[in-house]
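Engineer: My questions concern the predicted model and sequence given below.
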Amino acid sequence: MVPVTARRISLDIEEAISAGRLEPGSRLTPVRELAAELGVSPTTVSAAYRRLRERGLVTGRGRQGTRVAPLPSRRSPLDHSVPSGLIDATNGSPDPALLPPLAPALVAAAGAPAPRYGADQLVGELRAVARDQFAWKSDDEYGITVTSGAMDAVERVLRARDLRTGDRVGVEDPGHIPVHQLIRSAGLEAVPVPVDEQGVTPAGLASALSRGVSALIVTPRAQNPTGAAFTPERAAALNEILSGFPEVMVVQDDHAGPISGTPWTGLVPPGPRWATIRSVGKSFGPDLRLALVAADFRTIDRCTTDMANGPGWVSHILQRATAHLLTDPESLRHVQIATDAYRERREGLIAALRRRGVEASGPSGLNVWVPTPDEQAMVEAARSAGYAIMAAAPWRIVSPPAVRITISTLGPDDIERLAEALAPPRHSRHHAQQV
């Protein structure tokens, strides 16, 4: 007789959802009732329902009951338009006015000989520069490859880990929406790891590791959506916990790179499988679609084979242009100007909010995180002042409510007006009017 486990229960329910026997909105059997029916403890059924919640298949809990989640939209939760007349503080993109000009880099790159089929995936010019990006390791300890952006890298690295359906992956909560979606679409279980201003918490990491995660995805700085960044003390505490789990692959996503505004403080992989990803989109422009990946040799070999069997390579023109940007003094000057501007805007908004009694955080990157018991009320308060900000629900698994504000294009006057709109008295009056 096959034992009835939480995993078995969750897989059976998932199969019923996939087959259409359980439609969106259908209420699952109450925990105690199903436990009695299956002859297991309520704890086992609760664990099964938790697995389904973390994979985004069901919603609700407690007295409200657990229901099948709505079918996922074909559109990204961030694929939205800002109503006309509102200043956009939603999308997490860099300020176009602060990006270095691409024309000189593209002209220089286009003058090189065109690659042939079967050429090296990583061009020599970028390979040399990439070594400087990952100078914290000896050259003989890792390999380097290139992908079409950070999320392309995350997906290929996870495939290289040979994860199976139902395997668990630790993810930040709140965390990057595409990471959560990627985990779920791959049939994996996302295990939420709480985040504070210093990144994932030691207690949260220990809990996730105790649940048997095969991989852990973290953002050491400019964490999206909170702007959290590892301090040396936090990294040391996390490394101590990780050291006892050499089987866990640690994937570090440095998506914002130097414009994060804080030095790189990464984790030490506890075992042989690891990857660190550094995108150039936030520094030089999202349309470059390029990320550098440093990883153990086995992972690099799997990723390059995966690339060869698919698109073949990342455009050599874009690779050479990136190498130019990473070494050109004028381009790097633009990056430093942008880094300083983003820091000033982050700190300015946080200070303006705190003067008005609103707690906020954002140690690095392009976003400020504002906890609130009512996300929609705060979004509407900002809208009334002419600003579009994002409710945090799409980024959250089990973490508490908040809003995310992208500061990249906010000027001093914008900061004061937005902070005033979110101040508690005005916020409360606006909410009362909505009710």
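Structural biologist: In hand now; what should we look at?

Engineer: C-alpha from now on. contacts and neighbour counts both.
Structural biologist: Will do.

Engineer: For the stretch 51-200 of the chain, give me the ranges with low pLDDT.
Structural biologist: Using pLDDT under 70 as the threshold, the predicted model of the stretch 51-200 of the chain has low-confidence ranges 60-64, 70-80, 135-140.

Engineer: most centrally placed residue in the protein?
Structural biologist: In the chain, the C-alpha closest to the average C-alpha coordinate belongs to H176, at a distance of 2.4 Å (CA atoms, centre = their mean).

Engineer: Return the distance of that residue relative to M151.
Structural biologist: Between H176 and M151 the distance, using CA to CA, to the nearest Å, works out to 10 Å.

Engineer: re the thing from before, just checking, the residue nearest to the centre of the chain touches A222?
Structural biologist: No - distance between H176 and A222: 11.0 Å, which falls outside the contact criterion (CA atoms under 8 Å).

Engineer: my guess is N367 contacts G92, does it?
Structural biologist: Yes - taking CA under 8 Å as the definition, N367 is a contact partner of G92 at 6.8 Å.

Engineer: Find the residues that touch each one of these two.
Structural biologist: Taking CA atoms under 8 Å, 6 or more residues apart in numbering as the contact criterion, the residues that touch both N367 and G92 are T406, S408.

Engineer: Between these two, point out the one with more neighbours.
Structural biologist: N367 (29 against 19; other CA atoms under 10 Å).

Engineer: Excluding chain neighbours, what is closest to the more buried one?
Structural biologist: Counting by CA to CA, 6 or more residues apart in numbering, T406 is the residue found nearest to N367 once chain neighbours are left out, at 4.4 Å.

Engineer: Please report the distance of the residue nearest to the centre of the chain from V123.
Structural biologist: The spacing between H176 and V123, counted by CA to CA, is 30 Å.

Engineer: Can you report how many residues lie near the closest residue to A385 other than its chain neighbours?
Structural biologist: The shortest distance from A385 to any residue that is not its chain neighbour, by CA to CA, 6+ apart, is 6.1 Å, and that residue is A421. Applying other CA under 10 Å, we find 25 other residues in the vicinity of A421.

Engineer: tell me what the helix or strand A421 falls within is packed against?
Structural biologist: With the criterion set as DSSP states H and E, the secondary-structure element containing A421 is helix 412-422. Here helix 412-422 is seen to pack against helix 329-355, helix 375-384 when contacts are counted using 3 or more CA pairs under 8 Å, 6 or more residues apart in numbering; DSSP states H and E.

Engineer: Identify each buried residue in it, please.
Structural biologist: Along helix 412-422, the positions that meet the burial threshold by neighbour count (16 or more other CA atoms under 10 Å) are D414, I415, E416, L418, A419, E420, A421, L422.

Engineer: Kindly report the same for stretch 235-248.
Structural biologist: Residues of stretch 235-248 classed as buried by neighbour count (16+ other CA under 10 Å): A235, A236, L238, N239, I241, L242, F245, E247, V248.

Engineer: now stretch 4-21
Structural biologist: Buried positions in stretch 4-21, judged by neighbour count with 16+ other CA under 10 Å: T5, A6, R7, I9, S10, L11, I13, E14, I17.

Engineer: got a pLDDT number for P3?
Structural biologist: Predicted confidence (pLDDT) at P3: the value is 84.

Engineer: and the longest strand that the chain contains, how far from the chain's centre?
Structural biologist: Ranked by number of residues, the top strand in the chain under DSSP state E is strand 189-196. When distances are taken as CA atoms, centre = their mean, to the nearest Å, strand 189-196 is centred 11 Å away from the chain's centroid.

Engineer: cool, stretch 289-298 as well?
Structural biologist: On CA atoms, centre = their mean, the centre of stretch 289-298 falls 17 Å from the chain's centre.

Engineer: what does that stretch contact?
Structural biologist: Applying CA under 8 Å, 6+ apart, the contact partners of stretch 289-298 are 130, 134, 141-150, 153, 272-281, 300, 314, 318-319.
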